[in-house]
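**Student:** Predicted model, plus sequence, below.
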Amino acid sequence: MAVVVGYDESPGADAALATAITIASRFGEVLVLVYGAGPPGGLGEEAGPHRDALREIGRTALSHAVERAHAAGVDTQIELVDAKPAQAMLEVGDKHDATVLVVGTAGESPLKGAMLGSTPHKLLHLSTRPVLCVPFADAG
C-alpha cells in the first residue's frame, strides 16, 4: 500500500505534498511521488523535445519533493510517467495499490474545473480509489 501524490512544484501541489507526507508518516506507508510528463496533443515533430523538457522539469520537481519527504522521515518512490497528470496518477495508483491519491487544487471554481478538465476533477470522476483534494489557500 502507498500514498500517491501528484507533484509539479505549484502552490497547490506543495499543499498536497505536505498533506501526503503527514498521511504517509502517520500510517507508515511509502509516499509515491508522481509527475505526469505527457505533452499536449497536436505537437507533431515537436513532441519529442517537448516531452524531454517536461521530463527534466519533472525530475527536478520530484527531487525537491523527495528532499522534503526524507526530512520528515518518510520513505519515497518516484514515478515520472509519460502521460498527462490525471492518467499518470491513476496508473501509478493501480501499480502501487494506493490507499489514497492526493492532489492539490488551484482554487479554481468547480465549473471551470469541469469545463477545462482539471486534474482533481478528472481524478474524482475516474478513480476507483479514494481521492483527497487538498485546497490551496492563497495567502495573498
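**Tutor:** Looks like it arrived, so ask away. All values reported here derive from a predicted model rather than from experimental measurement.

**Student:** Now do the helices in this protein.
**Tutor:** 11-27, 47-71, 85-95, 110-116, 119-126 (DSSP state H).

**Student:** which stretch among these comes nearest Val102?
**Tutor:** Among those, helix 11-27 comes nearest to Val102, with 4.2 Å by Cβ to Cβ. C-beta: built from backbone N, CA, C; applies to glycine.

**Student:** Can you spell out which helices and strands pack onto that closest one?
**Tutor:** Other elements packing on helix 11-27 under the criterion 3 or more Cβ pairs under 8 Å, 6 or more residues apart in numbering; DSSP states H and E are strand 2-6, strand 30-36, helix 47-71, strand 98-104, strand 131-134.

**Student:** Would you mind putting those into TSV with mean pLDDT and mean neighbour count alongside?
**Tutor:** Listed next are these as TSV, based on pLDDT from 0 to 100; neighbours: other Cβ atoms under 10 Å:
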stretch	mean pLDDT	mean neighbour count
strand 2-6	97	28
strand 30-36	97	25
helix 47-71	91	15
strand 98-104	97	26
strand 131-134	96	20
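
**Student:** now the ones you listed as JSON lines including distance to Leu124?
**Tutor:** As requested, the helices and strands packed on helix 11-27 are exported to JSON lines (distance: least, Cβ to Cβ, whole Å):
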{"stretch": "strand 2-6", "distance to Leu124": "13"}
{"stretch": "strand 30-36", "distance to Leu124": "16"}
{"stretch": "helix 47-71", "distance to Leu124": "22"}
{"stretch": "strand 98-104", "distance to Leu124": "9"}
{"stretch": "strand 131-134", "distance to Leu124": "5"}
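
**Student:** Go through those and name the closest to Ala16.
**Tutor:** strand 98-104 (3.6 Å).

**Student:** Dump the helices of the chain to JSON lines, plus distance to Leu33.
**Tutor:** Output for the helices of the chain, formatted as JSON lines (distance: least, Cβ to Cβ, whole Å):
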{"stretch": "helix 11-27", "distance to Leu33": "8"}
{"stretch": "helix 47-71", "distance to Leu33": "5"}
{"stretch": "helix 85-95", "distance to Leu33": "9"}
{"stretch": "helix 110-116", "distance to Leu33": "23"}
{"stretch": "helix 119-126", "distance to Leu33": "15"}
